[in-house]
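A.B. asks: need the 3D shape of this:
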Amino acid sequence: MRQLGITDLGEVPAARLPSLAAALLRDGRPRLCLVRPTGAVLSLGRWQEPSLTLSAAGLGKPRVQRLGGGPAAVLGEGLWSVLLALPNRGWADVSAPGLPMERLLNRAVRPLLSALAQLGVAASYPGRDAVLVDGGRAGLLSFDADANGHVLVECHLPAGAHWWAPESLLQEPVACGRGAPPPAMVSALEAVTAGRVIDACAQGLRDRLGVSVLADDAPLVIDDATVPPPSLCGQLSARVETSTGALHAGLTLREGRIDRAALYGAFLADAGGMAALTARLVGAAPTSTLLVGAVEALMADAAHALLGAAAPARLGEAWMQALRGVDVG
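C.D. replies: Numbers count the residues shown, from 1 in each chain. Predicted structure coming up:
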């Protein structure tokens with residue numbers, strides 16, 4: 001039977017959560033860690049560029065970039081943070097070794113939903129980056145995968161506070177809705193002990209993934225490395241409206257060929273997938289067929305995921321409009 005380690009890491013400064021996530025991803029062992037963040041920090045999704053996301057007030061706040069994508073959030077006291085590391089995509093379902101990344105997220109969140117049910121909270125996962133309770137957005141979910149195939153899924157849950165970033169810190173309101181989770185749910189998670197959360201997660205892992213769960217006290221090397229924000233592609237940028245808010249497309253050309261290409265926004269994507277997208281474009285002359293085909297190839301690749309972005313044709317159009325300096329709208 002597969003074995004997965006489980007650890008209560010106790011209190012961890014919120015500003016160090018990206019370093020912790022990176023360490024778990026790098027380590028690659030199947031492991032679930034429970035954290036109670038301390039302090040508070042403005043946390044941007046992996047693909048959010050600060051100057052395109054934050055207001056002047058937001059740009060003046062201390063901030064970090066998360067390992068995974070999604071919207072801007074404030075992480076800190078009053079939250080439970082659950083981080084699940086897996087050695088590969090197929091580990092969560094032995095019957096599907098080539099499990100697509102999008103389906104892996106569905107598998108990975110099931111033990112958490114089971115744990116919440118044991119704690120008296122009926123939650124659901126409609127997809128992408130949201131865990132819902134009675135229609136209100138409760139959990140903030142994100143993921144990443146590295147070149148070794150290791151996967152990291154993290155979820156932040158309100159337990160006395162919420163992770164929403166104040167709109168005064170943002171250029172635009174959060175597009176995904178801000179329906180508050182029921183107060184009873186917040187109170188339930190606020191009152192529960194770490195030991196009870198660990199026990200519920202362990203049972204959820206046994207029930208939903210069919211694994212043996214062991215206490216894991218193995219050391220984890222956490223350095224102070226941070227996740228850098230995505231850099232802007234020169235002045236060639238356009239925007240397109242998506243279900244997750246404004247998405248910006250940028251291109252930098254050198255001698256008529258693509259030197260850099262990037263997408264910026266609150267979508268979900270793994271770093272390897274975005275690197276593969278860029279690799280398909282660099283050195284080529286920009287055409288709509290090339291740009292759309294590169295996005296289609298990424299979306300068809302089971303090893304990667306691009307969720308909450310626009311359709312390939314819309315992204316291709318955004319890049320082509322970026323060349324002309326025109327907003328897509």
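
A.B. asks: list the buried ones in stretch 255-266?
C.D. replies: 258, 260-266 (16 or more other Cβ atoms under 10 Å). For the C-beta atoms, the positions are set from N, CA and C on the backbone; glycine is no exception.

A.B. asks: list of residues touching whichever helix or strand Val64 is part of?
C.D. replies: Using DSSP states H and E, Val64 sits in strand 63-65. Outside strand 63-65, the residues that touch it by Cβ atoms under 8 Å, 6 or more residues apart in numbering are 14-15, 17-18, 41-46, 48, 50, 54, 226-229.

A.B. asks: after that strand, which helix or strand is next?
C.D. replies: Next in sequence after strand 63-65, counting helices and strands by DSSP H and E, comes strand 73-76.

A.B. asks: that next one - what's its average pLDDT?
C.D. replies: Averaging pLDDT along strand 73-76 gives 95.

A.B. asks: so how far is that strand from its chain's centroid?
C.D. replies: Distance, stretch centre to chain centre, for strand 73-76: 14 Å (Cα atoms, centre = their mean, to the nearest Å).

A.B. asks: helix or strand right after that strand?
C.D. replies: Per DSSP H and E, the first helix or strand lying C-terminal to strand 73-76 is strand 79-86.

A.B. asks: list the helices and strands the helix or strand following that following strand packs on?
C.D. replies: Scanning forward in sequence from strand 79-86 by DSSP H and E, the next helix or strand is helix 101-118. When contacts are defined as 3 or more Cβ pairs under 8 Å, 6 or more residues apart in numbering; DSSP states H and E, helix 101-118 packs onto strand 79-86, strand 124-127, strand 130-133, strand 136-145, strand 151-158, helix 194-209.

A.B. asks: tell me the angle of helix 101-118 relative to strand 151-158?
C.D. replies: 40 degrees (axes from the mean of the first three to the mean of the last three Cα atoms, to 10 degrees).

A.B. asks: about what we covered before: a markdown table for the helices and strands packed on helix 101-118, including mean neighbour count and distance to Gly98?
C.D. replies: Shown next, in a markdown table, are the helices and strands packed on helix 101-118 (neighbours: other Cβ atoms under 10 Å; distance: least, Cβ to Cβ, whole Å):
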| stretch | mean neighbour count | distance to Gly98 |
| --- | --- | --- |
| strand 79-86 | 24 | 14 |
| strand 124-127 | 14 | 20 |
| strand 130-133 | 20 | 26 |
| strand 136-145 | 25 | 14 |
| strand 151-158 | 26 | 14 |
| helix 194-209 | 18 | 17 |
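
A.B. asks: of all the ones you listed, which one is nearest Leu253?
C.D. replies: strand 136-145 (29.1 Å; Cβ to Cβ).

A.B. asks: paired strands for the closest one, with orientation please.
C.D. replies: Paired strands of strand 136-145, with direction, are strand 130-133 (antiparallel), strand 151-158 (antiparallel) (DSSP bridges).

A.B. asks: lowest mean pLDDT across the ones you listed, which one is that?
C.D. replies: strand 130-133 (a mean of 86).

A.B. asks: would you put the C-alpha positions of it in PDB?
C.D. replies: Extracted C-alpha coordinates of strand 130-133, given in PDB (Å, rounded to 0.1, in the frame of the first residue of the first chain):
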ATOM      1  CA  ALA A 130     -12.300  27.400  -5.400                       C
ATOM      2  CA  VAL A 131     -13.600  25.300  -2.500                       C
ATOM      3  CA  LEU A 132     -17.200  26.300  -1.800                       C
ATOM      4  CA  VAL A 133     -19.400  26.100   1.200                       C
END
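
A.B. asks: list the contacts of it.
C.D. replies: 109, 112-113, 121-126, 137-141, 155, 157, 176, 181-182, 185.

A.B. asks: give me that answer again for 7 Å
C.D. replies: Contacts to strand 130-133, defined as Cβ atoms under 7 Å, 6 or more residues apart in numbering, come from residues 109, 121-126, 137-139, 141, 155, 176, 181-182, 185.
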